[in-house]
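S.K.: Next come a sequence and a model predicted from it.
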Amino acid sequence: MKGIGYEMDELTREALADVAAAGTAADLKEVEVRWLGKKGRVTALLKELSALPPEDRKARGQQLNALKREVEAAVEARGREVERLEAEAAAARERPDVTLPGTPVRAGRLHPLTIVTEEIVDLFERMGFHVLDYPEAESEFFNFDGLNIPGDHPARDMQDTFYLADGNLMRTHTSPGQVRSMRDLDPPYRAIFPGRVYRCEATDASHEHTFYQVEGIMIDRHVSVAHMLHSMMSLLEGVFRRKVEVRLRPGYFPFVEPGFELDLRCTVCEGAGCPVCKRSGWVELLPCGLVHPNVIRAGGLDPGEWEGWAFGLGLSRLVMMRYRIDDIRWLLSGDLRLVRQF
Ligand code: DAH
């Protein structure tokens, strides 16, 4: 019986070698199909059984079944091994290289407007000022009428003011806080109101539809321009952290009398003349004045008893001066390249 036994040993060796050589799950699948599949070699041999003489059939059948089981067991064992090898290879591929430099963690930064606002708030709090926040959507009364701005004033034009569907408007300045604070606080008092204001304007390097102001007010029995100047100098020297040179010019605003423009000696060129100060050496920064009696009255106070001064700082412009930012549109651009510099 050399024939069959010898052939079976050969077949078994061949099949097991085949299985052992399969390096991946896909290879192994192919080997399995080649031997055990519907058209596989073992299957083909099983089909030939019926052609054998009956006396050979049983022994041959047992041998083939044994072969089949052996190949099946080998495939299964090799399958587990291949899986482990593949997992190891994947782990090796994915193993982090701990010697690579890490991704730097970027710390968040404060926006320059926030930095300067916080400094100003700090400064005025130390001088005994309240810090108040008033609505950006405002009534015509607080934004205009209460501030002695007549109905036919050009600032009330649709071209300058964003009106809302409900008849209110987006405040065009922080001055409404003057009248509101007189109604909210008991005089004498001092207060500032930092905030966002809106103007219906075409934008360019020095104009923006949304910008920031800080309004300041002091209400007391006897108030003078000297008090006002002192507070404004403290503000400017606090922000610029050095002596600054200012000049006071008359200026007209319906809600103050007298009204002034406080100019700052240009901190960029020290007065020599540059694009920031439009070559004049001075930058218009702080309009101010003594609160108009009509405004005191709108605040519910008696102008015979109470007086006040007020200023309206152009915060966006101040920030630009301090950090030498040459285009106001950077401030609200949302561009992180700006903020990362501070
Ligand atoms: N509200 C004015 C504006 O936005 C600025 C202003 C001028 C405010 C004079 C004041 C002031 O308090 O006294 O143009």
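M.R.: Sure, I can see it.
S.K.: Quick check, the residue in the stretch 101-250 of the chain closest to the ligand?
M.R.: His173 (3.2 Å; CB to the nearest ligand atom). Quick note: C-beta positions are derived from backbone N, CA and C, even for glycine.
S.K.: so what's that residue closest to, chain neighbours aside?
M.R.: Closest residue to His173 apart from its sequence neighbours, by CB to CB, 6 or more residues apart in numbering: Val197 at 5.3 Å.
S.K.: Need phi/psi at the one you found.
M.R.: phi -130, psi 160 (degrees, to the nearest 10).
S.K.: for the stretch 151-300 of the chain, what spans make up the helices?
M.R.: For the stretch 151-300 of the chain, the helices defined by DSSP state H, counting those that start in this stretch occupy 176-184, 225-240, 293-298.
S.K.: which of these sits most buried?
M.R.: Comparing the helices of the stretch 151-300 of the chain by mean neighbour count (mean count of other CB atoms under 10 Å), helix 176-184 ranks first with a mean of 23.
S.K.: From the chain's centroid, how far away is that one?
M.R.: 33 Å (CA atoms, centre = their mean, to the nearest Å).
S.K.: counting contacts, what elements does it pack onto?
M.R.: When contacts are defined as 3 or more CB pairs under 8 Å, 6 or more residues apart in numbering; DSSP states H and E, helix 176-184 packs onto helix 140-143, strand 189-198, strand 210-220, helix 293-298.
S.K.: Now tell me what touches that helix from outside.
M.R.: Helix 176-184 has contacts (CB atoms under 8 Å, 6 or more residues apart in numbering) with 130, 132, 134, 138, 142-143, 146-147, 189, 191, 193, 195, 215, 217, 219, 255, 291, 295-296, 298-301, 308, 310.
S.K.: in the helix or strand bottoming out on mean pLDDT in the chain, what's buried?
M.R.: Least confident helix or strand of the chain, by mean pLDDT, DSSP states H and E, is helix 2-21 with a mean of 80. Buried positions in helix 2-21, judged by neighbour count with 16 or more other CB atoms under 10 Å: Met8, Leu11, Thr12, Ala15, Leu16, Asp18, Val19.
S.K.: what distance separates that helix from the centre of its chain?
M.R.: When distances are taken as CA atoms, centre = their mean, helix 2-21 is centred 70 Å away from the chain's centroid.
S.K.: For this structure, give me the ranges with low pLDDT.
M.R.: Filtered on pLDDT under 70, the chain yields the residue ranges 1-6.
S.K.: I'd like to check which residues are in contact with the closest residue to the ligand within it.
M.R.: Going by CB to the nearest ligand atom, the ligand is nearest to Gly312 of the chain, at 2.4 Å. Gly312 is in contact with His173, Thr174, Ser175, Gln213, Val214, Glu215, Gly216, Leu286, Pro287, Cys288, counting by CB under 8 Å, 6+ apart.
S.K.: quick one: terminal-to-terminal distance for stretch 46-64?
M.R.: With CA to CA, to the nearest Å as the measure, stretch 46-64 spans 7 Å from end to end.
S.K.: Heading C-terminal from the least confident helix or strand of the chain, find the next helix or strand.
M.R.: Using DSSP states H and E, the next helix or strand after helix 2-21 towards the C-terminus is helix 25-36.
S.K.: if we look at the helix or strand following that next one, which residues are touching it?
M.R.: Remark: after helix 25-36, the chain's next helix or strand is helix 41-48, criterion DSSP H and E. When contacts are defined by CB under 8 Å, 6+ apart, helix 41-48 is touched by residues Leu11, Ala15, Arg34, Trp35, Leu36, Gly37, Gly61, Leu64, Leu67, Lys68, Val71.
S.K.: which two from the residues you listed end up farthest apart in space?
M.R.: In the contacts of helix 41-48, the most distant members under the criterion CB to CB are Arg34 and Gly61, with 21.3 Å between them.
S.K.: Now the buried members of the contacts of helix 176-184.
M.R.: 132, 134, 138, 142-143, 146-147, 189, 191, 193, 195, 215, 217, 219, 255, 291, 295-296, 298-299, 301, 308, 310.
S.K.: so which of the residues you listed also contact the ligand?
M.R.: With CB under 6 Å from any ligand atom as the criterion, the buried ones among the contacts of helix 176-184 include Glu215, Ala310 near the ligand.
S.K.: ok, back up a step: I'd like the buried residues of helix 2-21 as CSV, with distance to the ligand appended.
M.R.: What follows is the buried residues of helix 2-21, written out as CSV (distance: CB to the nearest ligand atom, whole Å):
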residue, distance to the ligand
Met8, 103
Leu11, 98
Thr12, 98
Ala15, 93
Leu16, 92
Asp18, 89
Val19, 87
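S.K.: quick one: which of the contacts of Gly312 has the most company?
M.R.: Ser175 (29 neighbours; other CB atoms under 10 Å).
S.K.: quick check: domain ranges of the chain?
M.R.: 2-94, 112-339 (automatic domain parsing).
S.K.: Out of those, flag the one nearest Thr103.
M.R.: Closest among those, using CB to CB: domain 112-339, at 16.2 Å.
S.K.: Straight-line length of the closest one, end to end?
M.R.: 7 Å.
S.K.: So what's the gap between it and the chain middle?
M.R.: On CA atoms, centre = their mean, the centre of domain 112-339 falls 27 Å from that of its chain.
S.K.: I appreciate the help and will end here.
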